[in-house]
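Student: Okay, here's the prediction I keep looking at, along with the sequence it came from:
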Amino acid sequence: MTPAARIAAAIEVFDDIEARRRPAADALKDWGLAHRFAGSKDRRAIGDLVYDALRRKRSAAHAAGGEGGRATLAGLIAVHHGLGLAGVEALFSGERFAPAPLEAEIRAALGEDRLAAAPAAVRGDYPDWLEADLAAVFGDGTAAEMAAFAQAAPLDLRANTLKGEADAIAARLAEELGRAPERPELAAAALRYGAERGTPEPHVVSTESYLKGLVEIQDLGSQLAAVLAGARPGEQVLDLCAGGGGKTLALAAAMDNRGQIYAHDSDRRRLAPIHDRLARAGVRNVQIRTPRPGADVLADLEGAMDLVLVDAPCTGTGTWRRNPDAKWRLRPGSLAERLKEQAAILDGAVRFLKPGGRLVYVTCSVLEAENGAQLRRLAAARPELALDDGAALLAGDGAPPADRVLPRPEGLLMTPRRTGTDGFFVGRLTRR
Ligand SMILES: C[S@@+](CC[C@H](N)C(=O)[O-])C[C@H]1O[C@@H](n2cnc3c(N)ncnc32)[C@H](O)[C@@H]1O
């Protein structure tokens, strides 16, 4: 397919996502099934365009003075991909399989610099209803912080130190993929393949390193959240919302397989992949506590934990680089639901702490209501808990330097702009 034909396909898929309010992955899959002539390179390029257009939906459409797939793709290519009006006109040629020539209004808008004077929510590509929440956290930096959420995310890996040295694992992966990973300075075990337009993401999951459990796919922010949890060899640790076990595996590596981790999730289907992942990674200090109807499967852990990790269900605003369609689907009602769940989980987590035990709370959200406000509420309701600030968290081994995170009174925030990660909040309370 020509570059112009790929853009025409991206416009079609984008409009399908918008019209039917469906996940981007489903719309792309359907397009692929209906256009079997398109090769894998074409499908990937179309997918990249669609995801990029979703990340920059507001700013791109605004720059092109319209809305919908045509305006958004035209604005994306002119402004964000740097091709300018002439570059877009060459692609929107109306020739076979290319998009039809630009409407006069789009051409006129692209001839101006409409973004410079646009409101922060347009420049930063986020929904208006979150303006106050985001400004409360980022202040004047809101548009810049959120613009970083509109960039494509790298592929981050964690070298599994239970199976080898990070340097040796990086070298092996470089050989298998014919491309050396970067080594982000913020975590000793982190490996990274940057997202470069036009360069396909390496197929890590088919490498021997991956199949043998030498590497896990995990955003650097998630890796750092596990480091900041501060699990030490020999401790008793409850991973209360373990899901597929991303943080469980990182905790086990930090503990060098010593001590005990109990991995639980209220949803047994979410927990299901953890069995294979633990085996592949050579983890031996995890007991999986699968929920059973009517049973308290964690009753014996009451008052016995050095560390309880609550990696809470959240709105996922921190993952908008990877899930840009979720950014536009999020509604106040779902935020309210997550807030209720988080409060209930936090309240329920306290019973497991032994005196001196730490409750570490993690979300992949940047919204204050889901983060600091939850911990302030819990600390006020439970005088036996002391709320630690961000500085205390950063004093631990392997923590990122203070100037790379946004310190908060109740913990700290990582963001794409500051930390080069997804958005993550980490806070900690200690039982007196
Ligand atoms: C952010 S995800 C966990 C991700 C996981 N820790 C990881 O690192 O891969 C949040 C998880 O919380 C679980 N969850 C929701 N409500 C819960 C509850 N009341 N108790 C325990 N887990 C819960 C969800 O099923 C979901 O798997």
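Tutor: All right, it came through fine. Residues are numbered from 1 along each chain as shown.
Student: elements contacting the helix or strand encompassing residue 25?
Tutor: Secondary-structure element containing residue 25, defined by DSSP states H and E: helix 24-34. Counting by 3 or more CB pairs under 8 Å, 6 or more residues apart in numbering; DSSP states H and E, the packing neighbours recorded for helix 24-34 are helix 3-20, helix 40-55. In short, each C-beta sits where N, CA and C put it, glycine included.
Student: need the residues of the stretch 201-350 of the chain near the ligand, please.
Tutor: Applying CB under 6 Å from any ligand atom, one finds that the stretch 201-350 of the chain approaches the ligand through 222, 240-247, 265-267, 270, 311, 313, 341, 345.
Student: Just the buried ones out of those residues, please.
Tutor: Taking 16 or more other CB atoms under 10 Å as the criterion, what is buried in these is 222, 240-243, 245-247, 265, 311, 313, 345.
Student: Pipe those into JSON lines and attach pLDDT per row.
Tutor: Conversion of these to JSON lines gives the following (pLDDT from 0 to 100):
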{"residue": "222", "pLDDT": "98"}
{"residue": "240", "pLDDT": "98"}
{"residue": "241", "pLDDT": "98"}
{"residue": "242", "pLDDT": "98"}
{"residue": "243", "pLDDT": "98"}
{"residue": "245", "pLDDT": "98"}
{"residue": "246", "pLDDT": "98"}
{"residue": "247", "pLDDT": "98"}
{"residue": "265", "pLDDT": "98"}
{"residue": "311", "pLDDT": "98"}
{"residue": "313", "pLDDT": "98"}
{"residue": "345", "pLDDT": "98"}
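Student: For the stretch 51-200 of the chain, which residue gets nearest to the ligand?
Tutor: Nearest to the ligand in the stretch 51-200 of the chain, going by CB to the nearest ligand atom, is residue 158, at a distance of 11.2 Å.
Student: who does that residue bridge with?
Tutor: Per DSSP bridges, residues listed as beta-bridge partners of residue 158: residue 190, residue 216.
Student: Also residue 363?
Tutor: The partner residues for residue 363, given DSSP bridges, come to residue 425.
Student: residues contacting it?
Tutor: With CB atoms under 8 Å, 6 or more residues apart in numbering as the criterion, the residues that contact residue 363 are 311-312, 314, 318, 342, 370-371, 424-425.
Student: And residue 389, how far from residue 311?
Tutor: If you measure residue 389 against residue 311 using CB to CB, to the nearest Å, the figure is 20 Å.
Student: ok, residue 139 - how many residues close by?
Tutor: As a burial measure, residue 139 scores 9 neighbours (other CB atoms under 10 Å).
Student: how about the helices of the stretch 251-400 of the chain, start to end?
Tutor: In the stretch 251-400 of the chain, the segments counted as helices under DSSP state H, counting those that start in this stretch are 268-271, 274-281, 324-329, 332-349, 372-381, 390-394.
Student: out of the ones you listed, nearest to residue 60?
Tutor: Closest of the helices of the stretch 251-400 of the chain to residue 60 is helix 324-329, at 11.7 Å (criterion: CB to CB).
Student: List the contacts of that closest one.
Tutor: Helix 324-329 has contacts (CB under 8 Å, 6+ apart) with 17, 21, 23-24, 51, 54-55, 57, 125-127, 149-150, 316-317, 319-320.
Student: List only those of the residues you listed flagged as buried.
Tutor: When neighbours are counted using 16+ other CB under 10 Å, the contacts of helix 324-329 contain these buried positions: 17, 24, 51, 54-55, 57, 125-126, 149-150, 316-317, 319-320.
Student: Format these as CSV; extra columns: pLDDT and distance to residue 330.
Tutor: CSV is the format used below for these (pLDDT from 0 to 100; distance: CB to CB, whole Å):
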residue, pLDDT, distance to residue 330
17, 95, 15
24, 94, 14
51, 97, 17
54, 97, 13
55, 97, 14
57, 97, 13
125, 97, 13
126, 97, 10
149, 97, 13
150, 96, 15
316, 98, 8
317, 98, 7
319, 98, 11
320, 97, 9
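Student: one step back: nearest to the ligand among the contacts of residue 363?
Tutor: Minimum separation from the ligand among these (CB to the nearest ligand atom) is found for residue 311, which lies at 3.6 Å.
Student: Would you write out the ChimeraX command that picks the buried residues out of the contacts of residue 363?
Tutor: Those of the contacts of residue 363 that meet the burial criterion (16+ other CB under 10 Å) are gathered into one ChimeraX selection, given here:
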select :311,312,314,318,342,370,371,424,425
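Student: Out of the contacts of residue 363, which comes closest to residue 360?
Tutor: Looking at the contacts of residue 363 and their distance to residue 360, the nearest is residue 311, at 8.7 Å (CB to CB).
Student: what number of residues lie near the nearest residue to residue 17 once chain neighbours are set aside?
Tutor: The shortest distance from residue 17 to any residue other than its chain neighbours is 4.7 Å, reached at residue 27 (CB to CB, 6 or more residues apart in numbering). Residue 27 has 21 neighbouring residues, counting by other CB under 10 Å.
Student: coming back round to it: who touches the helix holding residue 25?
Tutor: Defining contact as CB under 8 Å, 6+ apart, one finds that helix 24-34 is touched by 9, 12-13, 16-17, 20, 38, 43, 46-47, 50-51, 54, 324-325.
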